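J.: give me a 3D structure for the following:
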Amino acid sequence: QVQLVESGGGLVQAGGSLRLSCAASGRTFSSYVMGWFRQAPGKEREFVAAISRGGGTTHYADSVSDRFTISRDNTKNTVYLQMNSLKPEDTAIYYCAAKYTVAVYTTMAPYDYWGQGTQVTVSS
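T.: Modelled structure (predicted):
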């Protein structure tokens, strides 16, 4: 079992930056692939970024690949999402997710554990 708690969301102007954190419980964090997803009002939840267990492999949605960076600190059981050059269309609830696996998935279905989400609002 893994419990995930996101933090770091908030209100920011377009062009600004935020860093989201996701703290995980348990002693086997380094065995989990981690992902970030987001859900905007009236839209389906979508993939944002994912990172391998050791952090050496990352994947991004095309819409964020040149602006967001996913990273992890396995000593702190935490995964991060650094978001730069934010746009109003980045407004959404951001969720982190975990899966006990080797493969780095970019779709929702494989992930077993989800956080409650943190709201990111980007004003124009």
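
J.: what's the average pLDDT for stretch 75-87?
T.: The average of the pLDDT scores along stretch 75-87 is 98.

J.: what about it, distance to the chain center?
T.: Distance of stretch 75-87 from the chain centroid (C-alpha atoms, centre = their mean, to the nearest Å) equals 7 Å.

J.: what of stretch 56-64?
T.: Here stretch 56-64 is found 11 Å from its chain centre; the criterion is C-alpha atoms, centre = their mean.

J.: repeat for stretch 51-67
T.: Mean-position distance between stretch 51-67 and its chain equals 10 Å (C-alpha atoms, centre = their mean).

J.: what mean pLDDT does it have?
T.: The pLDDT scores in stretch 51-67 average 97.

J.: any idea which residue is closest to the centre of this protein?
T.: Centroid-nearest residue in the chain, with C-alpha atoms, centre = their mean: W36, separated by 2.4 Å.

J.: contacts only, for that one.
T.: Neighbour list for W36: L20, C22, V48, A49, A50, I70, V79, L81, Y94, Y95, C96, A97 [criterion: C-beta atoms under 8 Å, 6 or more residues apart in numbering]. Glycine gets a C-beta too; all of them are placed from N, C-alpha and C.

J.: surely the last one meets V2?
T.: No: in this structure, A97 sits apart from V2 without contact. The criterion is C-beta atoms under 8 Å, and the distance is 9.7 Å.

J.: identify the contacts common to these two.
T.: Common contacts of A97 and V2 (C-beta under 8 Å, 6+ apart): D112, Y113.

J.: of the two, who's got more company?
T.: Taking other C-beta atoms under 10 Å, A97 and V2 do not tie; A97 has more neighbours (25 against 20).
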